[in-house]
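Student: just need the structure, nothing else, for what follows:
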Amino acid sequence: MNKTAQDKKNLLFYPLGTVGRDMVYNLITGFLLTYIMFTRELTNEQLAAVTGIMVFARVFDALNDPIMGNIIEGTRTKWGKFKPWLLIGCISTGFVIFFTFNSSFQGWAFIIFFGIMYLAYSITYTMSDISYWGMVPALSSNADLRNQLTSRATLFAGIGGTAVSIFVPMLTTGEKAIGGNAITAYGVVALVIAVLTPLFGAFTLIGVKEKNVATDTAAKEKVSIKHIVEVFKNNDQLRWMALIFLIQEVGNGLIIGGLGATYIYFEFGYDGGLYSLFTTVGMAATALLMVFYPVISRKVSRKKLMTFMLVASLAGYALMLAAGLAFPESIKFYALTLGYMFGNFGNYCFYLVMMISIMNTVEYNEYKFGKREEGIITSLRPFITKMASALTVLITSGIYMIFRITSFTNQISAIEKEALKEAMDEATKSSRISDVLKGVTSGETNGLLLCIAILPAVHMIVAYFLYKKKYKLDEAEYERICKEIGQE
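Tutor: So this is what the prediction gives:
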């Protein structure tokens with residue numbers, strides 16, 4: 001394949017545009033519930049309210065995704081149909097993120113404020129997310145170039161997300177917390193990310209060009225819920241990918257959605273550096289996939305690759321379980337972290353395969369029905385991601401309630417508030433939090449361990465067998481379809 005000058009430019013500037021967006025996404029999905037748990041004193045009713053808000057907003061957000069995709073389909077400007085929404089979404093999300101993490105509300109006042117801000121986030125982030133990922137099919141229909149665009153975008157998304165995973169725990173928890181307490185620290189981190197989001201988005205806005213840019217003179221498609229439902233209903237491969245991706249994403253989100261951080265803090269101490277190390281090593285191996293997936297995909301079929309990765313992941317999750325239950329204290333943390341690296345490595349490969357498999361249903365839709373419907377179809381990825389996120393929050397909060405986690409986090413939140421008001425020295429704060437954690441029983445920590453080791457493995461197994469049995473668009477079939485519709 002010979003790349004044009006614009007193809008090369010797209011390969012550079014398109015991936016850069018998502019760094020800030022994925023910093024936002026990882027801050028919300030990975031740390032928002034942890035932020036609330038460790039900076040607010042919550043009754044069971046208030047935790048249930050937070051959970052209800054997050055689940056409702058994410059379901060609303062997920063239902064809004066296809067609508068946004070259809071709106072994008074009907075957008076006609078000289079900048080194309082994606083860029084205007086990417087610009088609006090990046091800027092507005094920055095404001096929402098800042099205010100969400102910079103409030104002094106407590107109790108039910110906080111719950112009301114949180115509900116408003118979280119719903120606002122759902123709307124603003126959807127604008128940028130649908131428009132960003134929906135752009136991929138418009139940049140190229142060549143399978144190899146699309147693989148490169150997707151893998152590079154996920155690489156830079158991983159850079160943004162990994163930066164958050166490394167620095168947020170380190171800068172908000174323990175002795176390196178900005179301002180000496182989690183409340184101040186999260187506010188500063190949110191400000192930095194709010195500024196970086198539109199700055200990185202500018203790379204895509206300025207440097208990327210679609211193959212065919214529609215103008216205002218083109219006929220606009222009518223937004224129709226019925227049409228969205230029909231696209232989903234008629235495309236059998238899209239339907240199966242929705243279910244498979246949902247299962248995979250729920251399992252993938254459980255550790256990074258709060259359970260992993262809580263387990264590390266309860267088992268090994270309230271030290272953000274430890275959780276940073278856990279996530280850094282855990283995500284390190286995925287960088288290889290981000291860089292080399294296009295090369296690997298040329299030599300190994302997706303289904304065969306998934307088989308290898310399932311074995312690697314199951315071995316990793318088994319090591320996590322064994323380490324937490326039976327390994328000596330001197331090596332327990334390191335073995336647990338190594339296990340997570342293998343588990344996450346396979347799970348991330350599944351994610352890449354799912355991404356490409358969804359995008360390939362665009363050409364399948366054109367082959368079957370004569371229309372690409374790329375804005376609607378590509379909106380499925382964030383749609384399912386948010387539905388999975390809602391289920392992950394529900395499962396996580398349920399686990400917190402079962403194992404009485406708030407009885408300990410409320411005490412830590414009270415200490416964090418004292419540190420904010422009285423400038424408590426780090427040694428005193430650390431000593432008091434350590435006393436709180438001494439009350440955590442082995443049954444409670446082992447319960448968390450079972451959840452982060454077994455549940456992701458089960459979800460991967462189910463997703464794997466469904467994909468092998470139900471997804472038909474393998475490499476040969478996709479190439480045949482592209483030739484049929486003249487999209488080589």
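
Student: and the strands in the stretch 1-150 of the chain, which stretches?
Tutor: Using DSSP state E, counting those that start in this stretch, the stretch 1-150 of the chain contains no strands.

Student: which regions of it sit below the pLDDT cut-off?
Tutor: By pLDDT under 70, the low-scoring segments of the stretch 1-150 of the chain are 1-3, 66, 141, 143.

Student: all helices for it, in order.
Tutor: Using DSSP state H, counting those that start in this stretch, the helices found in the stretch 1-150 of the chain span residues 5-16, 19-39, 44-73, 83-100, 107-134, 136-139, 143-172.

Student: give me the buried positions along the first one.
Tutor: Going by neighbour count (16 or more other C-beta atoms under 10 Å), the buried part of helix 5-16 is 7, 10-11, 13-16. Every C-beta, even on glycine, is put in place using the N, C-alpha and C of the backbone.

Student: next: the third one.
Tutor: Taking 16+ other C-beta under 10 Å as the basis for neighbour counts, the residues of helix 44-73 that come out buried are 46-47, 49-51, 53-55, 57-62, 64-73.

Student: by how many degrees do the longest helix along the chain and helix 143-172 diverge?
Tutor: For the chain, the longest helix by residue count, based on DSSP state H, is helix 329-369. Angle of helix 329-369 versus helix 143-172, following axes from the mean of the first three to the mean of the last three C-alpha atoms, to 10 degrees, is 140 degrees.

Student: can you give me the angle helix 329-369 makes with helix 107-134?
Tutor: Angle, helix 329-369 to helix 107-134, by the same axes, to 10 degrees: 50 degrees.

Student: which non-adjacent residue is nearest Ala153?
Tutor: Closest residue to Ala153 apart from its sequence neighbours, by C-beta to C-beta, 6 or more residues apart in numbering: Pro15 at 4.6 Å.

Student: quick one: average pLDDT of stretch 399-413?
Tutor: Averaged across stretch 399-413, pLDDT comes to 93.

Student: how long is stretch 226-241 from one end to the other?
Tutor: 20 Å (C-alpha to C-alpha, to the nearest Å).

Student: what do you get for stretch 70-80?
Tutor: Start-to-end, stretch 70-80 (C-alpha to C-alpha) is 14 Å.

Student: roughly how far out does that stretch sit from the chain middle?
Tutor: Computed by C-alpha atoms, centre = their mean, to the nearest Å, the chain-centroid distance of stretch 70-80 equals 26 Å.

Student: could you list the buried residues of stretch 86-94?
Tutor: For stretch 86-94, burial by neighbour count (16+ other C-beta under 10 Å) applies to 86-87, 89-94.

Student: max pairwise distance over those residues: which two?
Tutor: Leu86 and Gly94 (12.9 Å; C-beta to C-beta).

Student: quick one, phi/psi of the closest residue to Phe342 other than its chain neighbours?
Tutor: Of all residues not flanking Phe342 in the chain, Gly316 sits nearest, at 2.8 Å (C-beta to C-beta, 6+ apart). Phi and psi for Gly316, reported as degrees, to the nearest 10, are phi -70, psi -50.

Student: need the contact list for Gly316.
Tutor: Residues counted as contacts of Gly316 (C-beta atoms under 8 Å, 6 or more residues apart in numbering) are 338-346.

Student: that one and Gly134, how far apart?
Tutor: According to C-beta to C-beta, to the nearest Å, Gly316 and Gly134 sit 33 Å apart.

Student: for Ser103, same thing?
Tutor: To Gly134, Ser103 is 33 Å away according to C-beta to C-beta.

Student: try Thr172
Tutor: Where Gly134 is concerned, Thr172 sits at a distance of 33 Å (C-beta to C-beta).

Student: Leu319 contacts Leu338, correct?
Tutor: Yes. At 6.5 Å, Leu319 counts as touching Leu338 under the criterion of C-beta atoms under 8 Å.

Student: ok, the two, which is more surrounded?
Tutor: Between Leu319 and Leu338, counted using other C-beta atoms under 10 Å, the more crowded position is Leu319 (21 against 17).

Student: that older thread, greatest separation within the buried residues of helix 5-16: which pair is it?
Tutor: Asp7 and Leu16 (15.6 Å).

Student: circling back to that earlier point, now the buried residues of stretch 86-94 in a markdown table, with distance to Ala153?
Tutor: Shown next, in a markdown table, are the buried residues of stretch 86-94 (distance: C-beta to C-beta, whole Å):
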| residue | distance to Ala153 |
| --- | --- |
| Leu86 | 13 |
| Leu87 | 18 |
| Gly89 | 16 |
| Cys90 | 15 |
| Ile91 | 20 |
| Ser92 | 22 |
| Thr93 | 18 |
| Gly94 | 20 |
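
Student: follow-up on the earlier one: what does the helix or strand just after the longest helix of the chain rub up against?
Tutor: Using DSSP states H and E, the helix or strand that follows helix 329-369 in sequence is helix 374-378. Applying C-beta under 8 Å, 6+ apart, the contact partners of helix 374-378 are 66, 69-70, 72-73, 81, 130, 133-134, 136-138, 227-228, 231-232, 235, 238, 358-359, 361-362, 365.

Student: ok, back up a step: quick one: contacts for the residue nearest to Ala153?
Tutor: By C-beta under 8 Å, 6+ apart, the residues touching Pro15 are 149, 152-153, 155-157.

Student: want to try TSV for these, with distance to Asn26 and neighbour count as columns?
Tutor: Below are those laid out as TSV (distance: C-beta to C-beta, whole Å; neighbours: other C-beta atoms under 10 Å):
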residue	distance to Asn26	neighbour count
Leu149	21	24
Arg152	18	21
Ala153	15	25
Leu155	15	18
Phe156	13	21
Ala157	9	22
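
Student: tell me the one of those nearest Ser389?
Tutor: Looking across the contacts of Pro15 and measuring by C-beta to C-beta, the closest to Ser389 is Ala157, at 15.5 Å.

Student: what distance do you get for that closest one to Val24?
Tutor: Applying C-beta to C-beta to Ala157 and Val24 gives a distance of 11 Å.

Student: what count of nearby residues applies to Thr378?
Tutor: For Thr378, the neighbour count with other C-beta under 10 Å is 28.

Student: can you redo the helices of the stretch 1-150 of the chain as CSV with distance to Ala202?
Tutor: Below are the helices of the stretch 1-150 of the chain laid out as CSV (distance: least, C-beta to C-beta, whole Å):
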stretch, distance to Ala202
helix 5-16, 9
helix 19-39, 9
helix 44-73, 19
helix 83-100, 8
helix 107-134, 12
helix 136-139, 18
helix 143-172, 14
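
Student: out of those helices, which gets nearest to Lys386?
Tutor: Closest to Lys386 of the helices of the stretch 1-150 of the chain is helix 44-73 (C-beta to C-beta; 4.2 Å).

Student: now do the closest one and helix 83-100, the angle between them.
Tutor: 160 degrees.

Student: next one: helix 44-73 to chain centre, how far?
Tutor: Counting by C-alpha atoms, centre = their mean, helix 44-73 comes out at 15 Å from the chain centroid.

Student: that helix packs against which elements?
Tutor: Applying 3 or more C-beta pairs under 8 Å, 6 or more residues apart in numbering; DSSP states H and E, we find helix 44-73 packed against helix 19-39, helix 83-100, helix 107-134, helix 225-234, helix 374-378, helix 380-402.

Student: save these as JSON lines, and put in distance to Ala285 too.
Tutor: Shown next, in JSON lines, are the helices and strands packed on helix 44-73 (distance: least, C-beta to C-beta, whole Å):
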{"stretch": "helix 19-39", "distance to Ala285": "18"}
{"stretch": "helix 83-100", "distance to Ala285": "29"}
{"stretch": "helix 107-134", "distance to Ala285": "24"}
{"stretch": "helix 225-234", "distance to Ala285": "34"}
{"stretch": "helix 374-378", "distance to Ala285": "27"}
{"stretch": "helix 380-402", "distance to Ala285": "22"}
